[in-house]
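In: I'd like to go over a predicted model; first the sequence, then the structure.
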Amino acid sequence: MLDILKKMTAGKHILILGFGREGKSTLRRLLQAGTCASVTIADQAGADPGDDSIKVLSGPSYMDTLDDYDLVFKSPGIVLPRDPLTCDCQTTSQMEVFFTAYRRQIIGITGTKGKSTVTTLLHHILKENHRDAVLAGNIGIPAFDILEEIHEKTWIICELSCHQLEYIHVSPHVAVLLNIHEEHLDHYGTMKNYIHAKQQIYLHQEPEDLLLCELSSLPSSNYCRARIYTVSDRFSTADVLLSGTRIRFESGEFRIPAREIRLIGHHNHMDIAFDYAICHMLGLSDEEFEAALKTYEPLPHRLSFIGERDQVRYYDDSISTIGDATIQALKSVPNTGSILIGGMDRGIEYDDLILWLSEDPVPHIILMEATGRRIFREIQEKYPDFRAPERLVLVDTLKEAVASARALTAPGAACILSPAAASYGIFRNFEERGDVFRDLVFSG
């Protein structure tokens, strides 16, 4: 890995664009390689590299001089001022360099929803069965931080966001595309651009590579050279078929022990189906898979049961940022008495969610923040046949939403926070939103 980094940076002027966790790990490895002519950091908020020889660019104009550098390491999520193909500099990323070095050992996982669960569950199952495996990527672990843990037979389980894939030109040996829903249009502008970013996970694969793909997101054969395995819960022609709690793959069938695991809901069963196929390919037995599945602890804020108060069960699904996630939450939790919806408005459509809410028996639909107000307005203006509109409760904040839920939800029922919207501008991230929800539920 360091040999690749030395060769590509030798004698070059390097810019690290973004100095968060990934930018800091990139700087550490560049200094370790020791072949750069210079290293500069560009971060709008400023940075302290701990080395006076490293120049720092900050403020509104921090990206104005990209063409002054030979090579730019872009951090995920930063929006470039123009197409990198029109720049004089070469644009790369930590993940692209990492893939160049280790792609044959990487199982890369992306999708609008479910990628963290699939990634951590797969890693857990492999580790429980004494396989050499490490985690990296969007899960919060920069790829450059785990180099010393990688050996010749290590499987690298890598969660990949659309931002990490956007400009990449290398694809992993095993690619997993779980699903694609409308998301991040504030960044990409159009669904076409967002889909193209996700497709980078397989666009550069070779014929000997593997792609596991949800059937409705199946790529054209013109764009994928890998061996494709389709996954579905509807079409019997899929290579991996989920039917209820049964997974059919190749000549075998596996029943998910739904009452003995902590992952609830059909959407989580789909995640399990993807991991079952991968583990089957890697030679794990059904017995090994099932035993590890039963010991997996779900990640927080993903339809997690957080406790009971006044005989009401509370669930934190703060990770929910699209309507389909909220629909899945309502499908998964029995006897839902109230659901809390709303957050930052990124302009995505809520028609499917509104139609579902109209037919769902949930007695109290508590709408908050910008998207809550928008959904309330759209129901009034566009859906005159919305069933029992008196179920709608409009409030301003999460604090008011929890207060309403505590007052309205009947004993024996459940209350779910499943916002179907981003948290940004209100909270630092979805984790903080979930933590605040828990504090509000159990305080006072």
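Out: On my side now, so go ahead.

In: would you map out the domains in this structure?
Out: The domain map for the chain lists 2-92, 96-294, 304-442, with the assignment taken from automatic domain parsing.

In: these into CSV, with extra columns for mean pLDDT and mean neighbour count?
Out: Using the backbone N, CA and C atoms, a C-beta is placed for each residue, glycine as well. Shown next, in CSV, are these (pLDDT from 0 to 100; neighbours: other CB atoms under 10 Å):
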stretch, mean pLDDT, mean neighbour count
domain 2-92, 94, 16
domain 96-294, 94, 19
domain 304-442, 97, 19
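
In: how distant is stretch 97-117 from the center of its chain?
Out: Distance of stretch 97-117 from the chain centroid (CA atoms, centre = their mean, to the nearest Å) equals 12 Å.

In: shift numbering so it begins at 38
Out: Done: numbering now begins at 38, and the last item shifts to stretch 134-154.

In: export it as CSV, just CAs?
Out: Output of stretch 134-154 as CSV, limited to C-alpha atoms (Å, rounded to 0.1, in the frame of the first residue of the first chain):
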residue,chain,number,x,y,z
VAL,A,134,-6.0,4.4,-3.5
PHE,A,135,-7.0,1.8,-0.9
PHE,A,136,-9.1,-0.1,-3.6
THR,A,137,-6.1,0.0,-6.0
ALA,A,138,-4.0,-1.8,-3.4
TYR,A,139,-6.6,-4.3,-2.0
ARG,A,140,-9.5,-4.6,-4.3
ARG,A,141,-9.3,-8.4,-4.6
GLN,A,142,-9.8,-8.7,-0.8
ILE,A,143,-12.6,-6.2,-0.5
ILE,A,144,-16.3,-6.9,-0.1
GLY,A,145,-17.8,-3.5,-0.8
ILE,A,146,-21.4,-2.8,0.3
THR,A,147,-23.6,0.2,-0.7
GLY,A,148,-27.3,1.1,-0.9
THR,A,149,-29.6,3.8,0.2
LYS,A,150,-30.6,1.8,3.3
GLY,A,151,-29.3,-1.2,5.2
LYS,A,152,-25.6,-0.9,4.3
SER,A,153,-24.4,-0.5,7.9
THR,A,154,-26.4,-3.5,9.1
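
In: phi, psi of residue 179?
Out: phi -60, psi 140 (degrees, to the nearest 10).

In: where do the strands sit along the stretch 138-287 of the chain?
Out: Assigned by DSSP state E, counting those that start in this stretch, the stretch 138-287 of the chain shows strands spanning 143-147, 170-174, 192-196, 211-214, 247-251, 264-269, 277-280, 283-286.

In: compare the ones you listed and give me the one nearest residue 67.
Out: Distance to residue 67, taken as CB to CB, is lowest for strand 170-174 among these, at 18.2 Å.

In: what's the angle between that closest one and strand 192-196?
Out: With axes from the mean of the first three to the mean of the last three CA atoms, to 10 degrees defining the directions, strand 170-174 sits at 30 degrees from strand 192-196.

In: what's strand 170-174 packed up against?
Out: helix 152-165, strand 192-196 (3 or more CB pairs under 8 Å, 6 or more residues apart in numbering; DSSP states H and E).

In: now do that strand: distance to the chain's middle.
Out: On CA atoms, centre = their mean, the centre of strand 170-174 falls 15 Å from that of its chain.

In: quick one, that strand and helix 152-165 angle?
Out: 160 degrees.

In: so who does residue 353 touch?
Out: 337-338, 340-341, 343, 454, 471, 474-475 (CB atoms under 8 Å, 6 or more residues apart in numbering).

In: secondary structure for the residues you listed - can I get that in CSV?
Out: CSV is the format used below for those (DSSP: H, G, I helix; E, B strand; the rest coil):
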residue, secondary structure
337, coil
338, coil
340, coil
341, strand
343, strand
454, strand
471, helix
474, helix
475, helix
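
In: quick one: the closest residue to residue 48 other than its chain neighbours and residue 44, what's the gap?
Out: Take residue 48 and drop its neighbours on the chain: the residue closest to it by CB to CB, 6 or more residues apart in numbering is residue 74, 5.2 Å away. Look at residue 74 and residue 44: by CB to CB, to the nearest Å, they are 14 Å apart.

In: also residue 352?
Out: 51 Å.

In: please apply the same query to residue 360.
Out: Taking CB to CB, one finds residue 360 at 47 Å from residue 44.

In: same check on residue 54?
Out: Taking CB to CB, one finds residue 54 at 21 Å from residue 44.

In: could you pull out the helices for the stretch 238-387 of the chain?
Out: 303-318, 323-331, 360-369 (DSSP state H, counting those that start in this stretch).

In: coming back round to it: need the strands of the stretch 138-287 of the chain in a markdown table (columns: distance to residue 464).
Out: Shown next, in a markdown table, are these (distance: least, CB to CB, whole Å):
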| stretch | distance to residue 464 |
| --- | --- |
| strand 143-147 | 24 |
| strand 170-174 | 23 |
| strand 192-196 | 21 |
| strand 211-214 | 29 |
| strand 247-251 | 30 |
| strand 264-269 | 33 |
| strand 277-280 | 34 |
| strand 283-286 | 36 |
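
In: to residue 220, which of those strands lies closest?
Out: Between the strands of the stretch 138-287 of the chain, strand 143-147 lies closest to residue 220; by CB to CB that is 11.7 Å.

In: by how many degrees do that closest one and strand 170-174 diverge?
Out: Using the same axes, to 10 degrees: strand 143-147 against strand 170-174 is 40 degrees.

In: strand 143-147: partners in the sheet, and parallel or antiparallel?
Out: strand 192-196 (parallel), strand 211-214 (parallel) (DSSP bridges).

In: okay if I get the ones you listed as TSV plus distance to residue 411?
Out: Converted to TSV, those look like this (distance: least, CB to CB, whole Å):
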stretch	distance to residue 411
strand 192-196	30
strand 211-214	30
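
In: for residue 445, which of those strands is the nearest?
Out: Comparing those by CB to CB, strand 192-196 comes nearest, at 37.1 Å.

In: show residues contacting the closest one.
Out: 139, 142-147, 152-153, 156, 159-160, 163, 168-176, 180, 183, 187, 209, 319.

In: now the angle from that strand to helix 303-318?
Out: Using the same axes, to 10 degrees: strand 192-196 against helix 303-318 is 160 degrees.

In: please put the alpha-carbon coordinates of strand 192-196 into CSV.
Out: Taking Å, rounded to 0.1, in the frame of the first residue of the first chain, the C-alpha atoms of strand 192-196 are listed here in CSV:
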residue,chain,number,x,y,z
TRP,A,192,-11.4,-10.0,4.0
ILE,A,193,-12.0,-6.3,4.1
ILE,A,194,-15.7,-5.5,4.7
CYS,A,195,-16.2,-2.0,3.5
GLU,A,196,-19.3,0.1,3.8
